[in-house]
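Chemist: A predicted structure for the sequence below; I have some questions about it.
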Amino acid sequence: MRPAALDWSVENCTLARAMAILGERWTLVVLREVFSGVRRFDDMRVRTGIPRQVLANRLATLVQAGVLRREPYREPGSRVRHEYRLTEKGLDLWPVLVAVLGWGDRYLADPDGSPLSVGHRDCGAEVQVELRCADGHQVTDPRDVIPRPGPGARRRVG
């Protein structure tokens, strides 16, 4: 049986557009650092080992995409430099990072467990991502989710 998805164009796919920004190997690592409070270029480079030019390119892409913003700072006796802060658009990526972390913890962690944990500031409990439909039902089985054309879907031509 032919999949119905073949009838629909993917030219304006928002998942593909998101991955054009987020899909490079180091992008989520850079975002992890900024979410963890590491905002300065040299600190990121030392902590992650990302090559200088790669880090510069990643940061420039995230700034251009509106995920991060540059904020100037000056250490006494030094030139003006910039640190990187999350924008609203960047903060909205937090559930994505928590979901990827959860997947990595489940399948890729060392025997001792994950080196990173995320907790709720108010109560300290572990934070997890869960799926819910618009009517509020928790979705626990991926087989209970069906991809379907959205309001911006276009029929394939040809």
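Modeler: Looks like it came in fine.
Chemist: In which helix or strand does R25 reside?
Modeler: Here R25 sits in a region with no helix or strand, counting by DSSP states H and E.
Chemist: Look up how far R143 lies from it.
Modeler: R25 sits 30 Å away from R143, going by C-beta to C-beta, to the nearest Å. Placement of C-beta: from N, CA and C, glycine included.
Chemist: go on, D135?
Modeler: From D135 across to R143, the span is 18 Å (C-beta to C-beta).
Chemist: Is the closest residue in space to E24 that isn't next to it in sequence in a helix, a strand, or coil?
Modeler: Counting by C-beta to C-beta, 6 or more residues apart in numbering, E24 lies nearest to R58, which is 6.5 Å off, once chain neighbours are set aside. Counting by DSSP: H, G, I helix; E, B strand; the rest coil, the backbone at R58 sits in helix.
Chemist: contacting residues around R58?
Modeler: R58 is in contact with 24, 26-27, 30, 50, counting by C-beta atoms under 8 Å, 6 or more residues apart in numbering.
Chemist: Nearest to R156 among those residues?
Modeler: Within these, proximity to R156 (C-beta to C-beta) peaks at E24, which comes in at 28.3 Å.
Chemist: in this structure, which helix has the most residues?
Modeler: Criterion DSSP state H: the longest helix present in the chain is helix 94-108.
Chemist: Check what contacts that helix and list those residues.
Modeler: Contacts for helix 94-108 (C-beta under 8 Å, 6+ apart): 22, 28, 31-32, 35, 113-114, 116, 118, 127-129.
Chemist: More neighbours: which of R25 and R143?
Modeler: Comparing R25 with R143 by other C-beta atoms under 10 Å, the one with more neighbours is R25, at 9 against 6.
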